[in-house]
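Undergrad: give me a model of this one.
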Amino acid sequence: MTAAQLDIKSLIMDVPDFPKKGIVFKDITPLLAHPEAFKRTIDMMAEPFIGKGIKIVAGIESRGFLLATPIAYRLGAGVVPIRKKGKLPRKTHSASYALEYGQDSIEAHADAFAPGTKVLLVDDVLATGGTAKAACELIEKIGGTVSGIAFLIELGFLNGRSKLPGHTVQSLVTY
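TA: Have a look, this model is predicted:
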């Protein structure tokens, strides 16, 4: 782990029993509020994808939006929100994923990008991988190519990476 990664990790706070008992929530708001650490985070998340022809950065609701937008700016790309079902105003495509008890869906506008567009998927945390897998399926359903997936945090013990075979996955901090 580099010194920059250590500094970033020190700004991610553990919140026990949130949103429910037994979960340790990774609160990134102290990192987002620290100007130099936030800038360093965005630069390090974007760096592996510079010069790779990324045209769209897709951010998963909601903390993924906070990272996707400045990464898109850094890459000279557009940004597309991937939202929870029912939050977008025009025609959408959707993909479903399993929850602990049941299923949920995410959506993006059907015309979010042109077929063949190189897309970088961004989210704050890779946990079980279900949401990221569904987001990849959604991007491909619209016609895009997932050229990489970037996470701020990876919870390695949940093995979410195993649900993303064949994709370039980058994580800045791993627990």
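
Undergrad: first to last residue in stretch 146-160, what's the distance?
TA: 17 Å (Cα to Cα, to the nearest Å).

Undergrad: for that stretch, buried residues please.
TA: Val146, Ser147, Gly148, Ile149, Ala150, Phe151, Leu152, Ile153, Glu154, Leu155, Gly160 (16 or more other Cβ atoms under 10 Å). To be clear about C-beta, it is placed using only N, CA and C from the backbone, and glycine gets the same treatment.

Undergrad: same question, stretch 78-90
TA: Buried-residue list, stretch 78-90, by 16+ other Cβ under 10 Å: Gly78, Val79, Val80, Pro81, Ile82, Arg83, Leu88.

Undergrad: want to try JSON lines for those, with distance to Gly166 and secondary structure as columns?
TA: Converted to JSON lines, the buried residues of stretch 78-90 look like this (distance: Cβ to Cβ, whole Å; DSSP: H, G, I helix; E, B strand; the rest coil):
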{"residue": "Gly78", "distance to Gly166": "24", "secondary structure": "strand"}
{"residue": "Val79", "distance to Gly166": "24", "secondary structure": "strand"}
{"residue": "Val80", "distance to Gly166": "21", "secondary structure": "strand"}
{"residue": "Pro81", "distance to Gly166": "24", "secondary structure": "strand"}
{"residue": "Ile82", "distance to Gly166": "19", "secondary structure": "strand"}
{"residue": "Arg83", "distance to Gly166": "25", "secondary structure": "strand"}
{"residue": "Leu88", "distance to Gly166": "28", "secondary structure": "coil"}
